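Engineer: Return atomic coordinates for the entry below.
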Amino acid sequence: QVQLVESGGGLVQPGGSLRLSCATSGFAFGTYPMNWYRQAPGKERELVATIAADGVGVNYADSVTGRFTISRDNTKQSVHLQMNSLKPEDTGVYHCNVAVYRTGWREYWGQGTQVTVST
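Structural biologist: Below you'll find the model as predicted:
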């Protein structure tokens, strides 16, 4: 079965950095785009970054452009999110996400990793 497991969250001061990782299994990782979402308390889930299956095409939310970098390692079936210059408004639970086609399209989510940016 499809599994997504995030790690790397934590408490960091404003201006600091974190690197999130998502280990995956159960699907042909190298053939699907991967996404990072986040959800802050009381807010809707927000798409933060997307990376194409070949790792070349990337897109970012305006709020993180220039500060976050998404990458993937197709040999290790993992996707990463390097977050620099963190701000308090980056606080939230970060999830990796993929839509996989079997008999139809289905979305899968990891359990999430908490990122807290605070003094």
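
Engineer: Spatially central residue for this protein, please.
Structural biologist: Most central in the chain under Cα atoms, centre = their mean is residue 36, positioned 2.6 Å from the mean C-alpha point.

Engineer: So for it, what's the pLDDT?
Structural biologist: Confidence at residue 36, expressed as pLDDT, is 98.

Engineer: beta partners for it?
Structural biologist: residue 49, residue 96 (DSSP bridges).

Engineer: which one is residue 115 nearest to, not counting chain neighbours?
Structural biologist: Spatial nearest neighbour of residue 115, chain neighbours left out: residue 9 (4.7 Å); criterion: Cβ to Cβ, 6 or more residues apart in numbering. (Each C-beta comes from the backbone N, C-alpha and C, glycine too.)

Engineer: Most distant residue from the centre of the protein?
Structural biologist: Distance to centre of the chain, Cα atoms, centre = their mean, peaks at residue 103 (25.5 Å).

Engineer: show me the residues around the nearest residue to residue 90 once chain neighbours are set aside that make contact.
Structural biologist: Leaving aside its chain neighbours, residue 90 sits nearest to residue 117 (5.1 Å; criterion: Cβ to Cβ, 6+ apart). Contacts for residue 117 were tallied using Cβ atoms under 8 Å, 6 or more residues apart in numbering; they are 12-14, 16, 86-91.

Engineer: Please convert those residues to JSON lines, extending it with neighbour count.
Structural biologist: Formatted as JSON lines, the contacts of residue 117 follow (neighbours: other Cβ atoms under 10 Å):
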{"residue": "12", "neighbour count": "17"}
{"residue": "13", "neighbour count": "10"}
{"residue": "14", "neighbour count": "13"}
{"residue": "16", "neighbour count": "14"}
{"residue": "86", "neighbour count": "22"}
{"residue": "87", "neighbour count": "14"}
{"residue": "88", "neighbour count": "11"}
{"residue": "89", "neighbour count": "11"}
{"residue": "90", "neighbour count": "22"}
{"residue": "91", "neighbour count": "17"}
